[in-house]
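In: Give the three-dimensional model of this entry:
(one chain, ligands or ions: 1)
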Amino acid sequence: MKLLKTLLASAVAVSAMPALAYDAGDIIVKAGIAHVAPKDDNLKLAGAGTVEVESDTQLGITATYMVTPQIGVEVLAATPFKHDIKLNGKKVATTKHLPPTISAQYYPMDPASKIQPYVGLGINHTFFFDEDGIVNHLGKSTGLALSAGMNYDIDDKFMANVAVWKIDIDSELNEGGKDVEIDPLVFMVGAGMKF
Ligand code: NI
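Out: Residues are numbered from 1 along each chain as shown. Next comes the predicted model:
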């Protein structure tokens, strides 16, 4: 009888706990507006001037698999970004690229919290295509990506999200041994759904 009472008491305690924001095995899919802002002065060419890669905005999508309630693995994808490339302020080329990024994430808050900030460390692989103008080849780039973001749970299924990534993207220009250092900040504002 004492055992039964203990079991009943703990069952009540368990059912009274608030639902966890995330459980191991949850999949969170988010979509939103993604803005890629390259750093300034991406390549200085002796005698020719400064190459600048301009910013662009596209549809971003992330998918996160929760390994535990506080650790996730996230993939960032997007529709292709198109950037103008300027030499001394004058547009001389365009390029498109895709920057898939996979990150391990840590959610430090109590898993019951509606507000879930997170930090991530990952790897980015960027490839360029449809180059046009004086750029006829931009090499692919693999580099580290640091990220941070916050989910706000609207209910058990839906959430709002803001996120930022700092990605190391260095791309060799025209196979000439000189890297265009793009190293962008990527901002995303969107909404997500938990499965
Ligand atoms: Ni770099």
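
In: and this protein, which residues reach the ion?
Out: 168, 170, 181, 183 (CB under 5 Å from the ion). Where you see a C-beta, it was placed from the backbone N, CA and C, and this is true even at glycine.

In: For residue 161, the count of nearby residues, please.
Out: The number of residues packed near residue 161 is 20, by other CB atoms under 10 Å.

In: Now for the nearest residue to residue 70 once chain neighbours are set aside, how many residues are close by?
Out: Once flanking residues are discounted, residue 70 sits nearest to residue 107: 4.6 Å by CB to CB, 6 or more residues apart in numbering. If you count neighbours by other CB under 10 Å, residue 107 ends up with 24.

In: tell me the contacts of residue 107?
Out: Contact analysis of residue 107 by CB atoms under 8 Å, 6 or more residues apart in numbering lists 22, 69-72, 116-118.

In: ok, now how distant is it from residue 27?
Out: 15 Å (CB to CB, to the nearest Å).

In: just residue 84 next, same as before
Out: With distances taken as CB to CB, residue 84 is found 36 Å from residue 27.

In: same thing with residue 163?
Out: With CB to CB as the criterion, residue 163 and residue 27 are 17 Å apart.

In: all strands of this protein, in order?
Out: Taking DSSP state E as the criterion, the chain carries its strands at 27-37, 43-45, 49-53, 56-68, 71-78, 81-87, 90-98, 101-106, 115-133, 141-153, 158-167, 170-173, 178-181, 185-194.

In: what does the fourth one rub up against?
Out: The set of residues that contact strand 56-68 without belonging to it, under CB under 8 Å, 6+ apart, is 22-36, 72-83, 105, 163, 186, 188, 190, 192.

In: Please indicate which of those residues are buried?
Out: 22, 26, 28, 30-32, 34-36, 72, 74, 76, 78, 81-83, 105, 163, 186, 188, 190, 192 (16 or more other CB atoms under 10 Å).

In: Excluding sequence neighbours, find me the nearest residue to residue 117.
Out: residue 150 (4.5 Å).

In: Could you pull up the residues touching that neighbour?
Out: Residues counted as contacts of residue 150 (CB under 8 Å, 6+ apart) are 115-118, 161-163.

In: Please repeat the previous calculation with a cut-off of 10 Å.
Out: Applying CB atoms under 10 Å, 6 or more residues apart in numbering, one finds that residue 150 lies in contact with 107, 109, 115-118, 159-164.

In: likewise residue 167?
Out: Residue 167 makes contacts with 36, 38, 76, 99, 101, 122-124, 126, 141, 143-147, 182-186, as judged by CB under 10 Å, 6+ apart.
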